[in-house]
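> Have a look; sequence and predicted model below, questions after that.
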Amino acid sequence: MALNISKVCSADSFLLTFTPVEGSIRDPFYILLDPVLEEPATNNLLHHPHTKHIPSISHIPTPHLVIISKGRITPPLEAALRHIALTATKTIILADPATAKTLRTWKNFDFSIVGALEPWLDPRLVGEDRVVRVPVPPCYIGGDRGEVTVSLIPQRGFMKGARAAIGITYRPSPSRPSPFRRCVTMPVTTTTPGSTTIVSAPQPQLLPSLPVPSIGDLTARLVPPTPPLTPKLPPPPPKDTDTGLPLPRFPGKTLSVIFSPRGTSYNSIKPYATSHLVSEAALPLTALIHSFDTEPRPLWALGRNNSYFPIGQETALALGAKAWVATCGSDDKATVRSKRPRTRTYLWHEVQEMLDRAEAKERRASSSRYAPRSTQILDLYQGEEVTLTSDGVCELDPLSQHQRAVPDALGLFNSVSAF
């Protein structure tokens, strides 16, 4: 499977496209993150005339899922959601409980397509699974379904999901039957007085595209369904026993994405990664869509913040992210009013250098000759896109010339590509 990440607009709005690498067996699966409707910025078109402008959501494929990570609804977000509700027929909108409740109160809005994302909690401790699971239709009759999981990971110490992260995994439906699976239709042998005729089982037939389930069916399946011929998971162990890491339930390559436009610490993401991502066999992380900001600094702690690294660096190193795509970061108005900024935003080449040094330090400490592939840092402009697989970045938009620009001694950017 391949994951295509496209930046829809200048804000933190991205379109995720999951497509099969070998052949076109199933239609792509589209997920739209934080949609907005806006006009192209004049300065953006002057400085980056090569970028493609997407003037409206109608210019992109109809998404299967629309995920809202913000804790409040802005006018551009409201305009985008109303446009989606009027034009889309198979789209499901997922948001935190407070935002979902607000959407259901809007007039002239189809509230039946809205679902709530409950804050994720470790099912090994609470005994319930709060992951929203959307089935992916099978590729042939009687085949196993794929699955898309969506989780809301709250940031500790922040209210109303201001710095919440969205965890997404995509497990494709198998393109062919497993050789270890029992055959439902057994071969039939017919014997006549002079000949023997063997009628073999019919070959699997491809299914037509199936509609996405309604939100009523989706909310009824918050407890994960058990795939065919797969044993049920054991109940969570008591709290006084050792809770080891869960074993992967499904073999194969599962793509995973963590979306945190304002930044989420690894301490908040770690329980989700060691529980859900491990059970889904979704590690290493395919893509981290995260800001380049440092840890927020309170006003009273002027010199007590010892973290001078981007808040997402620990997450990228711990989960082995193949790519780190930048977001706009924090837009807190208090940052403008304060005399000293609460956060620092790094440039993409600075983050790449710090990440490379940290990875080299870990390799020296482990005394291992194996050198894992470095995380690739990307800062996409509006309309640019990148294609990823479980092995890393396989295709970068050729229009992304600014990714090959490095600053000189005066701080000016010069392209290092040869023309």
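Good, I have the coordinates. Numbering: from 1, shown residues only.
> I'd say L378 and A323 touch.
Yes. Using C-beta atoms under 8 Å, L378 is in contact with A323, at 5.9 Å. In short, each C-beta sits where N, CA and C put it, glycine included.
> any shared contact partners between these two?
V386, V393 (C-beta atoms under 8 Å, 6 or more residues apart in numbering).
> what about the helices in this protein?
Along the chain, the stretches classed as helices by DSSP state H are 42-47, 75-87, 97-104, 123-126, 215-219, 266-272, 278-279, 313-319, 333-337, 348-366.
> Pick the most buried one from those helices.
Highest mean neighbour count among these (mean count of other C-beta atoms under 10 Å): helix 313-319, with a mean of 21.
> tally of neighbours for E395?
E395: 12 surrounding residues under other C-beta atoms under 10 Å.
> From here on, call the first residue 234.
Noted, 234 is the first residue going forward, which turns the last one into E628.
> which residues touch it?
When the contact criterion is C-beta under 8 Å, 6+ apart, the partners of E628 are V619, T620.
> What's the separation between it and E583?
25 Å (C-beta to C-beta, to the nearest Å).
> same question, G360
As judged by C-beta to C-beta, G360 and E583 stand 44 Å apart.
> now K334
Distance from K334 to E583, by C-beta to C-beta: 41 Å.
> now I522
Taken as C-beta to C-beta, the span from I522 to E583 is 18 Å.
> ok, now R409?
46 Å.
> try A520
When distance is defined by C-beta to C-beta, A520 is 20 Å away from E583.
> same check, this time on S384
From S384 to E583 the distance is 30 Å (C-beta to C-beta).
> which intervals of the chain have sub-threshold pLDDT?
Residues of the chain that meet the criterion pLDDT under 70 lie in 255-258, 271-291, 390-395, 411-485, 529-540, 563-575, 600-606, 630-652.
> sorry, back to before: distance to T295 added to the helices of the chain, as JSON lines?
Listed next are those as JSON lines, based on distance: least, C-beta to C-beta, whole Å:
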{"stretch": "helix 275-280", "distance to T295": "26"}
{"stretch": "helix 308-320", "distance to T295": "8"}
{"stretch": "helix 330-337", "distance to T295": "19"}
{"stretch": "helix 356-359", "distance to T295": "32"}
{"stretch": "helix 448-452", "distance to T295": "16"}
{"stretch": "helix 499-505", "distance to T295": "29"}
{"stretch": "helix 511-512", "distance to T295": "31"}
{"stretch": "helix 546-552", "distance to T295": "31"}
{"stretch": "helix 566-570", "distance to T295": "35"}
{"stretch": "helix 581-599", "distance to T295": "32"}
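> of all those, which lies closest to I264?
helix 308-320 (12.7 Å; C-beta to C-beta).
> what angle separates the closest one from helix 330-337?
Counting by axes from the mean of the first three to the mean of the last three C-alpha atoms, to 10 degrees, helix 308-320 points 60 degrees away from the direction of helix 330-337.
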